[in-house]
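# coordinates only, sequence not included:
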């Protein structure tokens, strides 16, 4: 009898929690930090680029979209999945839309500072710190569209960065594989410090993408010189050593996320295995209806990579099914596949649905 009563009470408690979870929902609010894989305008604004006749954005937007893609990025698909408005760059001055959050990502950004780029993770977090402080003040003054402390605490903080650190080091011909591997702990420390700073400001929900198979990027394949000891290909045709470097970065990032879940109280830290998702599409491209998996849609040189540097680039037709857009970034269709795989939670640790952060 006591056992049955306990089970009934447990069932009632579970139903109460479920009801609360499904009714006490918040409008999606996302703050994103990263590089060109999730940049929705930062690079274009910072460098005064406005497109002209560029094929960028020809799908979905049907105009220059300030993205490194012919259409949508993974973050655009994820926002659409939770009915959030597409994120504007923090740097955008012309009709920015911050209703569903802010995008601090900038193309070319790295985890650690480099001479060739003013934007790195610490700068992006500093920009957020300013946005947070000013928004809270303006909210108390009654200015519409600003967020309060509760909003920031209920928001999701997305991080997708590290690719440029790894590829930049790899393109330095004097860097051996071992030397690049030895730099990874510093990158992980940089990401850890960023999350800890965001936590101190109020962040409690984190969504962290690992880095993709950089050795499969047509740009990296085309730029690896003949005779380079790091140029060995795997069975798919990707650079074996660079992918191994990416995998080591991901292993250490995975352990960091485990560590953060323990160290930071009342937090959720989701690690998303983007590497496996992307490598699966590239290695099984025909099954997904794609062609030329290691060849860029936009570029020069023709097969096998169409990714050498030149002034007059060629562009594949809109009806073609390429995975790589420009040798470094992915096409709208490929990004749609990636987002759909993310939505399954099969590649997330813990397996939490993206939309569950607001309900």
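Nice, I can see it. Given the structure is predicted, the values throughout are model-derived calculations rather than measurements.
# C-alpha from now on. contacts and neighbour counts both.
Will do.
# got the residue ranges for the helices in the stretch 151-300 of the chain?
Applying DSSP state H, counting those that start in this stretch to the stretch 151-300 of the chain gives helices spanning 163-171, 177-201, 218-223, 240-263, 274-283.
# Check which residues of the first one are buried.
Of the residues in helix 163-171, those buried under the neighbour-count criterion (16 or more other CA atoms under 10 Å) are 163-167, 169-170.
# Give me the angle between it and helix 240-263.
On the basis of axes from the mean of the first three to the mean of the last three CA atoms, to 10 degrees, helix 163-171 is oriented at 140 degrees to helix 240-263.
# what does helix 163-171 contact?
For helix 163-171, contacts defined as CA atoms under 8 Å, 6 or more residues apart in numbering pick out 35, 108-112, 175-177, 180, 211-212, 214, 220, 223-224, 242, 245-246.
# show me the contacts for the residue most central in space within the chain.
For the chain, the residue nearest the mean C-alpha position is residue 160 (3.6 Å; CA atoms, centre = their mean). Residues in contact with residue 160, defined by CA under 8 Å, 6+ apart, are 33-35, 37-38, 208-211.
# can you list contacts of stretch 241-256?
With contacts defined as CA under 8 Å, 6+ apart, stretch 241-256 is touched by 166-167, 170, 177, 180-181, 184-185, 188, 192, 210-216, 230-232, 271, 275.
# Among those residues, name the buried ones.
With neighbours counted by 16+ other CA under 10 Å, the contacts of stretch 241-256 contain buried members at 166-167, 170, 177, 180-181, 184, 188, 192, 210-216, 230-231, 271, 275.
# re earlier: closest to residue 306 out of the helices of the stretch 151-300 of the chain?
Closest to residue 306 of the helices of the stretch 151-300 of the chain is helix 218-223 (CA to CA; 7.4 Å).
# tell me which residues of that closest one are tucked away?
By neighbour count with 16+ other CA under 10 Å, helix 218-223 contains the buried residues 218-222.
# try stretch 273-287
Neighbour counts using 16+ other CA under 10 Å place 273-279, 281-283, 285 of stretch 273-287 among the buried residues.
# from the chain's centre, how far out does it sit?
Here stretch 273-287 shows a centroid-to-chain-centroid distance of 16 Å under the convention CA atoms, centre = their mean, to the nearest Å.
# next one: stretch 83-101
The chain centroid and the centroid of stretch 83-101 are separated by 17 Å, computed with CA atoms, centre = their mean.
# Not counting that stretch itself, show me its contacts.
Under CA under 8 Å, 6+ apart, the answer for stretch 83-101 is 27-31, 39-42, 45-46, 76, 79-80, 102-105, 145.
# For the helix or strand that residue 337 is a member of, which helices and strands make contact with it?
Following DSSP states H and E, one finds residue 337 within helix 332-343. Helix 332-343 sits against helix 74-81, helix 274-283, with contacts defined as 3 or more CA pairs under 8 Å, 6 or more residues apart in numbering; DSSP states H and E.
# angle of it against helix 74-81?
Our comparison of helix 332-343 with helix 74-81, counting by the same axes, to 10 degrees, yields an angle of 60 degrees.
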